[in-house]
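Undergrad: can you look at this prediction? I've put the sequence above it.
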2 protein chains.
Amino acid sequence: MSASERPGEDSLIARFFAPIAGDGALGLKDDAAFLTPKPGHDLVLTADALVERVHFLPEDAPGSIARKALAVNVSDLAAKGADPAGFLLSLALPDGWTEAWLADFAAGLGEASRDFSCPLLGGDTVKARGPLTLSVTAVGQVPTGRMVRRTTAKAGDLICVTGTIGDGALGLKLRAAPAWSQGLSPDEKAHLADRYLHPQPRHRLAAALREHAGAAMDVSDGLAGDLAKMMRASGVSAVIDTDRVPLSPAAAKAVQASPDLLDLVLTGGDDYEILCTLAEKDLDRFRQEADRVGIPLSVIGRVVSGHDRPVFRMNGLERRYDVGSYQHF
Amino acid sequence: MSASERPGEDSLIARFFAPIAGDGALGLKDDAAFLTPKPGHDLVLTADALVERVHFLPEDAPGSIARKALAVNVSDLAAKGADPAGFLLSLALPDGWTEAWLADFAAGLGEASRDFSCPLLGGDTVKARGPLTLSVTAVGQVPTGRMVRRTTAKAGDLICVTGTIGDGALGLKLRAAPAWSQGLSPDEKAHLADRYLHPQPRHRLAAALREHAGAAMDVSDGLAGDLAKMMRASGVSAVIDTDRVPLSPAAAKAVQASPDLLDLVLTGGDDYEILCTLAEKDLDRFRQEADRVGIPLSVIGRVVSGHDRPVFRMNGLERRYDVGSYQHF
């Protein structure tokens, strides 16, 4: 389709994005949206950008790309104990975009928006002679003063993660260099691939986190690196029992067959699980609430005083991962 | 500087962006920022993306690019009657970025942030193998239910604009094809160039707009096109006295020398002035408040019933600009 046959921005918005917009978006016909905050609540704001070939691959389904862009932002809100209130999307389209691509993208975005209870509030669509770039700003709400911080982990607290760790990184590796995966069943491979493509933000855990967590963040850049960030930001350190880091059956099988993959599991990104600390006395109630919303929870270690990088213990060996400081970009 | 010598994202944030961040940004050390809304207020949210060679030129000073990215978003807030509360920035850096460029960019952003009373709340920095792309989400506040809409212009109301129209488009044209500008003085050329580079958002008019305006939007895609949008969204039309459209001395001189430039003045973009409607009885008070905050105001026409494109009248001739429907991208 030549550029001259393409519809203008207003027409695209009306056809593809207005149907998935929330009330305050005014049908996306205005310059801005409004949001009436719940009385006694703070707004929580986060922005994450995704770039083709960095955060997703060009052959990914448009609906999956859209879902991921929203999911990684809702994951940040969840870690802060915030309930989603809406999002804005800036979309920089490459030269070769088509209406069919955009229709699929918008359909995936709408579905994710409903799944995460996070309506589209506004945004911008521009043409860029470069890779597809998406920037989402997500807005959430917490009772005033109750946003869960990254800087408030205390020595003595337990360290927990939700779900399983390493699936996303293995899912990406499946596509780039799959030799190690010969022992996996098709279902196991599909599980890992899906975990890379379709992060599951843990927004249903938000209320329990703000009730019980001492500190929290989402695991997006790898467990070891993100844990190191949270501990450093809190002025403490951590000891992790590597055996207790929860792995999916597929990831466990992969690591058993190729033990070297454990490093990838612990340092690779794309988990979008919640990493949090809490007082031991609060564990039972926190676990009950996680159970109630169907989110698996694992205690993997403990916050300790000190400023060293977190220690991962296994089979009597101690390992400190040298990550977090070398993420050049 | 090779990629391996470049600092990581955390270090860049700490050095360049944390110093310009607002209170709720928590030093940009967390995954999200919080904002405690004023009681009885709505949040107003808007996002605008800027792409190199589309919205600015690669040779523009980094500080000017930063200022423009924030200014165009604050301009949207102003048009909605919203006082700025903060912004988030997603920055997709091209391969060739340098620390010096980023330092100048952050300095310009900080200065603009202070000028517009709009603190940095968060964002994301990613590397993209493409043009520099900036996406800003700006957050403003209005008393609950008082956001000024685009869809509420009423037949019989006056139509006003702030400042002067056409300078930005002429400023851009100066750089691309300056033959027409021979009769302008260096100061006049500098004025036009500066108006393209450094939009002046009219945030100080926000309170007066929500008090008096019937409908408003900012003029970013050209007066004729944006007026047509606002009238269509409101189900009305407009009659404009072209002679009353305010021109700067430089623009007036350019149009006098090359009358064809009038079309560019009326349809070109990058004005970032406020277009609004109001009841005639409210004009005096609105003008007093605009005077008080030092913002020039011109009545340029009147809202009329009907669904035709707005008419621009001059010297007994009527002109309808065929714009707004052909903005392919």
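TA: Cool, got the structure. Numbering: from 1, shown residues only, chains lettered A, B, ... in the order given.

Undergrad: give me the below-cutoff pLDDT ranges for chain A.
TA: For chain A, residues meeting the criterion pLDDT under 70 lie at A:1-7, A:323-329.

Undergrad: mind telling me which residue of it is nearest chain B?
TA: residue A:130 (1.9 Å; Cβ to the nearest Cβ). C-betas here are computed from N, CA, C, even on glycine.

Undergrad: spit out the contact partners of residue A:191.
TA: Residues near residue A:191 by Cβ atoms under 8 Å, 6 or more residues apart in numbering or on different chains: A:167, A:248, A:250.

Undergrad: surely it is in a strand?
TA: No. Counting by DSSP: H, G, I helix; E, B strand; the rest coil, residue A:191 falls outside a strand, being helix.

Undergrad: so where do the helices sit in chain A?
TA: For chain A, the helices defined by DSSP state H occupy A:9-12, A:62-79, A:99-115, A:167-176, A:186-197, A:206-212, A:223-234, A:249-257, A:261-267, A:283-292.

Undergrad: show me the one of the ones you listed that comes nearest residue A:27.
TA: helix A:9-12 (11.5 Å; Cβ to Cβ).

Undergrad: output the closest one as PDB, nothing but the C-alphas.
TA: Below are the C-alpha coordinates for helix A:9-12, written out as PDB (Å, rounded to 0.1, in the frame of the first residue of the first chain):
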ATOM      1  CA  GLU A   9      -3.700   9.700  11.800                       C
ATOM      2  CA  ASP A  10      -7.200  10.900  12.900                       C
ATOM      3  CA  SER A  11      -8.800   8.100  10.800                       C
ATOM      4  CA  LEU A  12      -6.500   5.500  12.300                       C
END
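
Undergrad: check whether it comes near chain B.
TA: Yes. Helix A:9-12 lies within reach of chain B by Cβ under 8 Å from any Cβ of the partner chain, at A:9, A:10.

Undergrad: in that helix, what counts as buried?
TA: A:9, A:10, A:12 (16 or more other Cβ atoms under 10 Å in any protein chain shown).

Undergrad: save those residues as TSV, and put in distance to residue A:256 too.
TA: Below are the buried residues of helix A:9-12 laid out as TSV (distance: Cβ to Cβ, whole Å):
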residue	distance to residue A:256
A:9	52
A:10	55
A:12	49
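
Undergrad: for the spatially closest residue to the residue of chain A closest to chain B that is not a sequence neighbour, which residues are in contact?
TA: Excluding the flanking residues, the one nearest residue A:130 by Cβ to Cβ, 6 or more residues apart in numbering or on different chains is residue B:130, at 1.9 Å. Shown in contact with residue B:130 (Cβ under 8 Å, 6+ apart): A:128, A:129, A:130, A:131, A:133, B:92, B:94.

Undergrad: and the second one, how many neighbours does it have?
TA: Burial of residue A:129, expressed as a neighbour count using other Cβ atoms under 10 Å in any protein chain shown, amounts to 14.

Undergrad: how far away is it from residue B:133?
TA: Distance of residue A:129 to residue B:133, computed by Cβ to Cβ, to the nearest Å: 10 Å.

Undergrad: so which bits of the stretch 101-250 of chain A are right by chain B?
TA: A:121-131, A:133, A:135, A:137, A:139-140, A:142, A:144-145, A:147, A:149-151, A:217-218, A:229, A:233.

Undergrad: what about stretch A:47-57 and chain B, any contact?
TA: Yes. Against chain B, stretch A:47-57 shows contacts by Cβ under 8 Å from any Cβ at A:47, A:48, A:49, A:50, A:51, A:53, A:54, A:55.

Undergrad: any idea how far the fifth one is from residue A:130?
TA: Residue A:51 sits 9 Å away from residue A:130 when distances are taken as Cβ to Cβ.

Undergrad: which residues sit against stretch A:205-214?
TA: Contacts for stretch A:205-214 (Cβ under 8 Å, 6+ apart): A:77-83, A:140, A:142-143, A:146-148, A:152-154, A:157, A:162, A:216, A:274, A:276-279, A:282, A:285-286, A:289-290, A:293, A:295.

Undergrad: need the buried ones from these selected in ChimeraX.
TA: This is the ChimeraX syntax for the buried subset of the contacts of stretch A:205-214, where burial follows 16+ other Cβ under 10 Å:
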select /A:77,78,79,80,81,82,83,140,142,146,147,148,152,153,157,162,216,274,276,277,278,282,286,289,290,295
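
Undergrad: mind listing which of the contacts of stretch A:205-214 are in strands?
TA: Mapping the contacts of stretch A:205-214 onto strands (DSSP state E) picks out A:83, A:140, A:142, A:143, A:162, A:216, A:274, A:276, A:277, A:278.

Undergrad: and which of the residues you listed is nearest to residue B:64?
TA: Residue B:64 lies nearest to residue A:140 out of the ones in strands among the contacts of stretch A:205-214, by Cβ to Cβ, at 33.4 Å.

Undergrad: which residues does the closest one contact?
TA: Shown in contact with residue A:140 (Cβ under 8 Å, 6+ apart): A:43, A:44, A:45, A:46, A:77, A:80, A:82, A:83, A:84, A:85, A:206, B:32.

Undergrad: between those, which is closest to residue B:266?
TA: Residue B:266 lies nearest to residue A:45 out of these, by Cβ to Cβ, at 37.5 Å.

Undergrad: that closest one reaches residue A:139, doesn't it?
TA: Yes. Judged on Cβ atoms under 8 Å, residue A:45 makes contact with residue A:139 at a distance of 5.8 Å.

Undergrad: those two: which is more packed in?
TA: Using other Cβ under 10 Å as the criterion, residue A:45 and residue A:139 rank with residue A:45 on top: 32 against 28.

Undergrad: tell me what that one is bridged to.
TA: Beta bridges link residue A:45 to residue A:139, residue B:33 when assigned by DSSP bridges.

Undergrad: just put the contacts of residue A:140 in TSV and tack on distance to residue A:67.
TA: Formatted as TSV, the contacts of residue A:140 follow (distance: Cβ to Cβ, whole Å):
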residue	distance to residue A:67
A:43	24
A:44	21
A:45	21
A:46	17
A:77	15
A:80	21
A:82	19
A:83	19
A:84	14
A:85	19
A:206	19
B:32	20
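
Undergrad: re earlier: which of the contacts of residue B:130 has the most neighbours?
TA: For these, neighbours tallied by other Cβ under 10 Å; top is residue B:92, 30 neighbours.

Undergrad: please report phi then psi for residue A:98.
TA: The phi and psi values for residue A:98, taken as degrees, to the nearest 10, are phi -130, psi 160.

Undergrad: quick revisit: of the helices of chain A, flag the one that's most buried.
TA: Of all the helices of chain A, helix A:62-79 has the most neighbours on average by mean count of other Cβ atoms under 10 Å in any protein chain shown, namely a mean of 26.

Undergrad: between it and helix A:99-115, how big is the angle?
TA: 30 degrees (axes from the mean of the first three to the mean of the last three Cα atoms, to 10 degrees).

Undergrad: could you give the angle of helix A:62-79 to strand A:273-278?
TA: Going by the same axes, to 10 degrees, helix A:62-79 makes 0 degrees with strand A:273-278.

Undergrad: what number of residues lie near the nearest residue to residue A:94 once chain neighbours are set aside?
TA: Among residues not flanking residue A:94 along the chain, residue A:132 sits closest, at 5.2 Å (Cβ to Cβ, 6+ apart). Close neighbours of residue A:132, defined as other Cβ under 10 Å, add up to 23.

Undergrad: ok, residue A:132 touching residue A:92?
TA: Yes. Residue A:132 is within contact range of residue A:92, at 7.0 Å (criterion: Cβ under 8 Å).

Undergrad: isn't residue A:181 right up against residue A:175?
TA: No. Using Cβ under 8 Å, residue A:181 makes no contact with residue A:175, being 10.2 Å away.

Undergrad: what's the neighbour count on residue A:179?
TA: For residue A:179, the count of nearby residues is 7 (other Cβ under 10 Å).

Undergrad: same check on residue A:198?
TA: If you count neighbours by other Cβ under 10 Å, residue A:198 ends up with 18.

Undergrad: residues in contact with it?
TA: A:64, A:67, A:68, A:71.

Undergrad: tabulate these (JSON lines), appending distance to chain B.
TA: As requested, the contacts of residue A:198 are arranged in JSON lines below (distance: Cβ to the nearest Cβ, whole Å):
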{"residue": "A:64", "distance to chain B": "19"}
{"residue": "A:67", "distance to chain B": "18"}
{"residue": "A:68", "distance to chain B": "14"}
{"residue": "A:71", "distance to chain B": "14"}
